[in-house]
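Q: Give me a model of this one.
(chains A, B, C and D, ligands or ions: 6)
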Amino acid sequence: MPKMVVEARIVRNTEIGVNVKELVLYAPEIAAQAVPGQFLHVRVSDSYHPLLRRPLSISDADRQAGTISTIYRVVGQGTACLAALTSEDSVNCMGPLGNGFALQSQRPLLVGGGMGLAPLLFLAGALCPHPIEILMGGRTREEMFWADMFHGKCDAIHITTDDGTLGSCGVTLDVLPEVLKNGAFDLIYTCGPRIMMEGVAKVAKKHNIPCQVSLEDYMACGIGGCLSCTCAGKNGTRKKVCSDGPVFWAQEVMA
Amino acid sequence: MPKMVVEARIVRNTEIGVNVKELVLYAPEIAAQAVPGQFLHVRVSDSYHPLLRRPLSISDADRQAGTISTIYRVVGQGTACLAALTSEDSVNCMGPLGNGFALQSQRPLLVGGGMGLAPLLFLAGALCPHPIEILMGGRTREEMFWADMFHGKCDAIHITTDDGTLGSCGVTLDVLPEVLKNGAFDLIYTCGPRIMMEGVAKVAKKHNIPCQVSLEDYMACGIGGCLSCTCAGKNGTRKKVCSDGPVFWAQEVMA
Amino acid sequence: MSNEENTMLGITIAGIKMKTPVMTASGTFGFGLEYKDFVDLNKIGAVVVKGTTLLPRHGNQGRRIAETPAGMLNSIGLENPGVNEFLSGILPHLNAYDVPIIVNISGNTVEEYGELAALLNASGVDGLELNISCPNVKEGGIAFGTNCDSASAVVRQVKKNTDLPVIVKLSPNVTDIVAMAQSVEDAGADAISLINTLLGMSIDIHKWRPVLGNVVGGLSGPAVKPIAVRMVWQVAQSVKVPVIGMGGIVTAEDAVEFMLAGATAVAVGTANFINPCAAQTVAEGIESYIRQRGLSHVRELVGKVNI
Amino acid sequence: MSNEENTMLGITIAGIKMKTPVMTASGTFGFGLEYKDFVDLNKIGAVVVKGTTLLPRHGNQGRRIAETPAGMLNSIGLENPGVNEFLSGILPHLNAYDVPIIVNISGNTVEEYGELAALLNASGVDGLELNISCPNVKEGGIAFGTNCDSASAVVRQVKKNTDLPVIVKLSPNVTDIVAMAQSVEDAGADAISLINTLLGMSIDIHKWRPVLGNVVGGLSGPAVKPIAVRMVWQVAQSVKVPVIGMGGIVTAEDAVEFMLAGATAVAVGTANFINPCAAQTVAEGIESYIRQRGLSHVRELVGKVNI
Ligand SMILES: Cc1cc2nc3c(=O)[nH]c(=O)nc-3n(C[C@H](O)[C@H](O)[C@H](O)COP(=O)(O)OP(=O)(O)OC[C@H]3O[C@@H](n4cnc5c(N)ncnc54)[C@H](O)[C@@H]3O)c2cc1C
Ligand SMILES: Cc1cc2nc3c(=O)[nH]c(=O)nc-3n(C[C@H](O)[C@H](O)[C@H](O)COP(=O)(O)OP(=O)(O)OC[C@H]3O[C@@H](n4cnc5c(N)ncnc54)[C@H](O)[C@@H]3O)c2cc1C
Ligand SMILES: Cc1cc2nc3c(=O)[nH]c(=O)nc-3n(C[C@H](O)[C@H](O)[C@H](O)COP(=O)(O)O)c2cc1C
Ligand SMILES: Cc1cc2nc3c(=O)[nH]c(=O)nc-3n(C[C@H](O)[C@H](O)[C@H](O)COP(=O)(O)O)c2cc1C
Ligand code: FES
Ligand code: FES
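A: Residues are numbered from 1 along each chain as shown, chains lettered A, B, ... in the order given. Ligands and ions are numbered 1, 2, ... in the order given. From the prediction side, this is the model:
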C-alpha cells in the first residue's frame, strides 16, 4: 500500500454539528487504497504559521466517486484554517497513513467517544453486512449528530451523554457491561479519549474478547520518520503511533 | 489629524490591470480625514507569516460613501495575500498616515511612473477644477490602464512607454522638457521610481518650479516609531519617510 | 482604568511603580509620543524609549529591515538624536503623561555608559535600561553583552553615576545566559530584561547581496519567542532581582507565558508594528485572563510554571 | 536524472560523492526508508540517519513536539534502536539504494564517541556526523557542543577510530560559533554542519506546565533560518573545510541563500514534515535556479554573497 501526497480538491466542507465539520476531498488515488482506521495528514495552510500538518482520521472513502472524507472539530488554529476553506480551494494531503482495523469480525462491537467516532463510521460501513452494535458517548445531546450518521449502518446504537440529555446519563464505560451481557461479540473496536479506551480494553480482557484501540499522539511527520509519537509497546518494544498504529491490538500498547 | 486603526470591510477588490488590483475599503473615519499623498498601513493576513503590515498609497477617498481606495501591484507574498481577499473579508488598516501633497497649486504638473500613479490619482481629483496636466510612464501599453483612470480629471495626458507601444517611446524624463516648454506650471508633483523622481526634481530646479516628491522605503511601524525608513534631509537632518513624508519638497531630501 | 483594575495589574519593579506589567520594548515604540493616537500612554506600564547615545547617530546605511518567517531583522544602528536633545526636546513632552519613562542607553565604552547615566540622572526619568547587547553597531555594542566581565564593568560604572533604578538588558547571543545574568546582578543590576534580538542575516538571492545594508541584523518577533521564554525561565530561577521578559510577545497569552516562566513584567516590541495598540490590548488581555482564573493579582502568575 | 543534470548538481564533500547538494537532516528523515513512498532515495544527496547511540534509547517521556510560530520544538531525546540494530537490521536495507549514508552519532562520553566510530567503520557507511549539540539529553550532549575543548576532544577521539569522513555538527547555542568551528577543524573535522536546534521552551497557559515532557526542546524550522544563515556565513569565511548548511530550509530559494552564504551542501529537516518530497523538490528547484541564472554548476553559488 504505497502512501502518497496529493493536492486534493475540496468537494465540500460543511458544518455537521456545533464546531464540527465534514470535509470531503477528491483524491481518487487515496480513496482507492484507504481502509478504516487510516488517517490523512493535511496541510491546512500554505503559510508557515501554522507550520505542521494535522492528522485526521478517514471517516469515509468512496471509490466510485474518488472521494475521501474526514470529520473534524475546530479546536485551534489549524482546524480553524481548515474550516475556512471552501470548494474553490484544495488542500495538500498525505494518505492513506497508518494501519487500519482488522476486518475479520463477524459480530463486532464499536465503542467510540467524541471525535473518535469518525474512523468508526468508516469501519461500520466496511463491516457490513455483519450485524454491528455501537456504543457511543458524548458530552451532551448536541454532540450526538453522530447517532444519525450511524443509523442504517448499525443494528443497535447505544448512547450515553455526560449530562443525560440523550441516551443514558454517564459514560460509555458505565453501559459497556450491560451491552456485553446482551451480545456475543467477537471483537471490540474502540476509539476516543485515552481513558475510555483503557477502560474498554480492560473490560474486553476480562471478557476475553479481542480488542483494538486507535491511539492519538502529537505528530510531525506522520510516517515514522521523526519519533514524535512513539509509545511503549509490550516487552520493552517501542511503537510509533503513526506508522505502527494508529490501530493496535489493545494488549500491544496497554497494560 | 488623528491617525487610527480600523477593521475595514472590503467593498471590492478587483483586477484593473495585469497583476494590478484596486481595493476599496469601507472606513468612513479614515475617508473623512484622508488627503492625497497619505497612505494606509494594511495587515494583509491574520497569521504571523507575513508578519508586517504593507504600506499602500490612498488612491481615492469618497467621504459620502465612507470608502477609501488603493491600487496595488501583486509583487510578493503580502500583496498576494491581499489579492486573495474578497468582499466577505475585512482588513485591519491604519490610516491615514503621513503627510499629503501641498494643494495650493493653480497650474500643476503631475509626473508619475508605475504604481506611483496611485496617489497622483487622488491628487488629481483634489486639484480640480484647476487645469491639470499629467505625464505618465510605464513599461508597456498593458500597464497604461492608468490613462483611462486619469481621463476626465486631467486636461492633458502625456504618455511614455519603454517599448513605445503607447505614447512616446522612452521614459518620462525624455518628454519632460517639452511638456515644461508648453505650459507654465507652478508646482510639479512626482511619484514613482526614485531615479525618475530625482530626474524630475533636477529639471524642476533648473526651471525654478517648486517640486514635491513622494518617497518609498521599507516600513515597519509606519508612524515614526521604529526608524526603519529614515533618510538624510538637508543640513544633516534626518527624515522619516513614514511620518515626515512620504511627501517632501524635493530640496528637503534630494541634492 | 478603575482603582480595582489598578490593583490587579499594578506592580513595582526596582522601585518603579507601573499600572500594568506591560512595557514597550526599546526601539519599537519611538519615544512614545509617536503612538499617542493609538494607545493611551497613561495606561502603559512604562515607556522604554529608543536606544539613546551620548552623541546623535544617523544609524546604518541602506535597507534596515527585512521580514523573515514570523519575525523580522532590523539593523537600525541606534539612530537617535543624542541624549541632550532627548532631555531638552523630547522628555518634557513625555512628562506630560502619567507614565514611567525608562531610558535605554548604549555606549561605546564603559565611560560613555557612566556619562550617559550621569546626564540622565534627571527629574522626569524613572529608570535606565542598559543596552549592552545591540547587535547593530560595530564599535563594541554586542561585546559588552557577551562577556561577563565587561558587562559587570558597565553596570558598576552606571551605578556609580546614578540614583535611578538600573535595568540591564541581556543579549541572547550567548552560551550561558544564566552566567551573564548572575554577573550583572552581582554588579548591582536592579532588574534584568531579556531578550534583545538574535543576530541573523538574510541574503537576496536575486542580487546575491545581503538584504540589509548592515549585512547582519537583529531577529525579533514571534519566531524567537520559544528562545526568549526558555531564557527568562532559566534566568528567573537564578537571580533574585526581577526579570522583565520580552521576545515575540503579541498577545496576552504570550505575556502570560513569560510571566509563568518567571517574568515580573513584560515588554511588547515587534508587536507594536502589527498592532499599534498592543501595549494596551495585551494588558487588558492579561486582566481578563486573571479574572477568568479567579486570581486577584497578576503577581500570582509570576514563576508559577510547574516543572 | 540525466548525466548532464548530474553534472550540474553533483558535488563531493569530504570525499563523499553526492548527486545533489541536498541532504536530509538527522532526526527528520528517520532511517530514510520511511520516506521511500514519497522521495526517490536514489536522487537524494545523502541520507543522514537519526541520531544513533551505543545502546538503544527510549527517548524522553511525555509530549515531544510543540508548534511555534513558523517553527517547532522537539525533545525526542535521541530515541533510537542502538548502533548494533542499526548495523544489522537497518543498514542492509538502506544499502539497496544508491545513496550515501551518513550516520549521526551521539555519545555520553568522549570514549563512547570513539567506540561508536569504531563500530560504524563498516562497509555501507559513507560518513559520520558527530552530534555534539543535542539539547535534548541530560547526560552531557549539549556540553560537548558549547565548549571548544570538549568538542575538539570528541573529534580527535573519533578520528582515531575511523577512516570515514567526519562531519561535525555545531550547536547554535553559543556565543562564538566561529571559535567552535575553528576548534573542530583544528581537531581534524573533514566538514562542518550547522545549525542544530536552538534551545527553547513553550508553556501551556491553561495547565501552567511546560508543553514538552522534557521541559525544554530544540527549535527548528523557518523561524530559525536567519540565525542559521548568519552562522553559516560566519563559519564559511573562517574555516577551510566545507560547510553543510541547515536550519529552516523549505524551498530551493532557501537552499540557494545558504549556498550563497558559503554552504557547499545543505540539509532539509523540519521541511520533510511539511513536504515529504522536500529533499527532491529543493534539489530540482536549485537546478532550475542555476539554469535560469545561466550557470553551469551549483558550486558557482557557494559563498558568492557580495558584501
Ligand atoms: C491519528 C489521528 C487521527 C485524528 N483524527 C481526528 C479526527 O478524525 N477528527 C478530529 O477532530 N480530530 C482528530 N485528531 C486530532 C486532531 O489532529 C487535532 O484536533 C488537530 O490537530 C488540532 O489542531 P489545531 O491546530 O486546530 O489545534 P491546536 O491549536 O494544535 O491544539 C488545540 C487542541 O487540540 C489538541 N491537539 C492538537 N493536536 C493533537 C493531536 N495530534 N492529538 C491529540 N490532541 C491534539 C491540543 O492539545 C489542544 O488542546 C486526530 C489525531 C490523530 C493523531
Ligand atoms: C508609502 C508607500 C506607499 C506605497 N504605495 C503603493 C501603492 O499605492 N501601490 C503599490 O502597488 N505599492 C505601493 N507601495 C509598495 C508596497 O508597499 C510594496 O509593493 C508591498 O509592500 C510589497 O509587499 P509584498 O509582500 O507583496 O512583496 P515583498 O515580497 O515584500 O517584496 C516584493 C518586492 O517589493 C519590494 N518592496 C517590498 N516592500 C517595499 C516597500 N515598502 N517599498 C518599496 N519596495 C518594496 C521588494 O523589494 C520586492 O522586490 C508603497 C510603499 C510605500 C512605502
Ligand atoms: C526595530 C527595532 C529596534 C530596536 N532598537 C532597540 C534599541 O534601540 N535598544 C534596545 O535595547 N533594543 C532594541 N530593540 C530590541 C527590542 O527592544 C526587543 O528586545 C526585541 O525586539 C525582542 O522583542 P520583540 O520580539 O517583542 O520585538 C529593537 C528591536 C527592533 C525590532
Ligand atoms: C524531530 C527532530 C529530531 C532531530 N533529531 C536530531 C538528531 O537525532 N541528531 C541531530 O544531530 N540533529 C537532530 N535534529 C536537528 C536537525 O537535524 C536540524 O539540525 C535542525 O532541525 C535544523 O534544521 P531544520 O530547521 O531544517 O529542521 C532533529 C530535529 C528535529 C526537528
Ligand atoms: S509522527 Fe513522526 S514518527 Fe510518528
Ligand atoms: S516605518 Fe517606522 S519610523 Fe518609519
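
Q: Please count neighbours and contacts with C-alpha atoms only from this point.
A: Noted.

Q: Pass me the low-pLDDT residue ranges in the stretch 1-150 of chain A, would you?
A: Where the stretch 1-150 of chain A drops to pLDDT under 70, the residues are A:1.

Q: ok, residue A:149 to chain C distance?
A: Distance, residue A:149 to chain C, by CA to the nearest CA, to the nearest Å: 37 Å.

Q: any idea whether the residue of the stretch 1-150 of chain C found nearest chain B is helix, strand or coil?
A: Residue of the stretch 1-150 of chain C nearest chain B, by CA to the nearest CA: residue C:30 (3.8 Å). At residue C:30, secondary structure determined by DSSP: H, G, I helix; E, B strand; the rest coil is coil.

Q: Report the contact partners of it.
A: By CA atoms under 8 Å, 6 or more residues apart in numbering or on different chains, the contact list for residue C:30 reads B:224-227, C:49-50.

Q: Now render those residues as TSV, adding neighbour count.
A: Shown next, in TSV, are the contacts of residue C:30 (neighbours: other CA atoms under 10 Å in any protein chain shown):
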residue	neighbour count
B:224	26
B:225	26
B:226	28
B:227	32
C:49	26
C:50	26
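
Q: Among these, which lie within strands?
A: Using DSSP state E, C:49-50 are the members of the contacts of residue C:30 that sit in strands.

Q: circling back to that earlier point, setting aside sequence neighbours, what's the nearest residue to the residue of the stretch 1-150 of chain C closest to chain B?
A: Distances taken as CA to CA, 6 or more residues apart in numbering or on different chains place residue B:225 nearest to residue C:30, at 3.8 Å, with adjacent residues excluded.

Q: ok, which stretches of the stretch 1-150 of chain A are strands?
A: For the stretch 1-150 of chain A, applying DSSP state E, counting those that start in this stretch gives strands covering A:4-17, A:20-26, A:39-43, A:54-57, A:60-62, A:67-73, A:90-97, A:108-113, A:133-138.

Q: so can I have CSV of those showing distance to residue D:181 and mean neighbour count?
A: Shown next, in CSV, are those (distance: least, CA to CA, whole Å; neighbours: other CA atoms under 10 Å in any protein chain shown):
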stretch, distance to residue D:181, mean neighbour count
strand A:4-17, 39, 18
strand A:20-26, 49, 22
strand A:39-43, 37, 25
strand A:54-57, 38, 23
strand A:60-62, 53, 23
strand A:67-73, 48, 23
strand A:90-97, 39, 23
strand A:108-113, 54, 25
strand A:133-138, 57, 26
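
Q: Make CSV out of the ones you listed and add distance to residue C:298.
A: Formatted as CSV, the strands of the stretch 1-150 of chain A follow (distance: least, CA to CA, whole Å):
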stretch, distance to residue C:298
strand A:4-17, 38
strand A:20-26, 35
strand A:39-43, 38
strand A:54-57, 35
strand A:60-62, 49
strand A:67-73, 33
strand A:90-97, 42
strand A:108-113, 38
strand A:133-138, 36
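
Q: Let me know which of those strands is the nearest to residue B:102.
A: Ranking these by proximity to residue B:102 (CA to CA) places strand A:90-97 first, at 49.0 Å.

Q: what inclination does that closest one have with respect to strand A:67-73?
A: 100 degrees (axes from the mean of the first three to the mean of the last three CA atoms, to 10 degrees).

Q: Which strands and helices lie in contact with strand A:90-97?
A: On a contact count with 3 or more CA pairs under 8 Å, 6 or more residues apart in numbering or on different chains; DSSP states H and E, strand A:90-97 meets strand A:4-17, helix A:28-33, strand A:39-43.

Q: Quick check: the gap between the residue of the stretch 1-150 of chain C closest to chain B and residue A:160.
A: According to CA to CA, to the nearest Å, residue C:30 and residue A:160 sit 59 Å apart.

Q: Which of the helices and strands packed on strand A:90-97 sits closest to residue C:249?
A: strand A:39-43 (25.9 Å).

Q: CA atoms of that closest one as CSV?
A: Extracted C-alpha coordinates of strand A:39-43, given in CSV (Å, rounded to 0.1, in the frame of the first residue of the first chain):
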residue,chain,number,x,y,z
PHE,A,39,-5.7,8.7,8.5
LEU,A,40,-4.8,11.7,6.4
HIS,A,41,-2.1,14.2,7.2
VAL,A,42,-3.3,17.6,6.0
ARG,A,43,-1.5,20.8,5.3
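
Q: Understood, closing this out.
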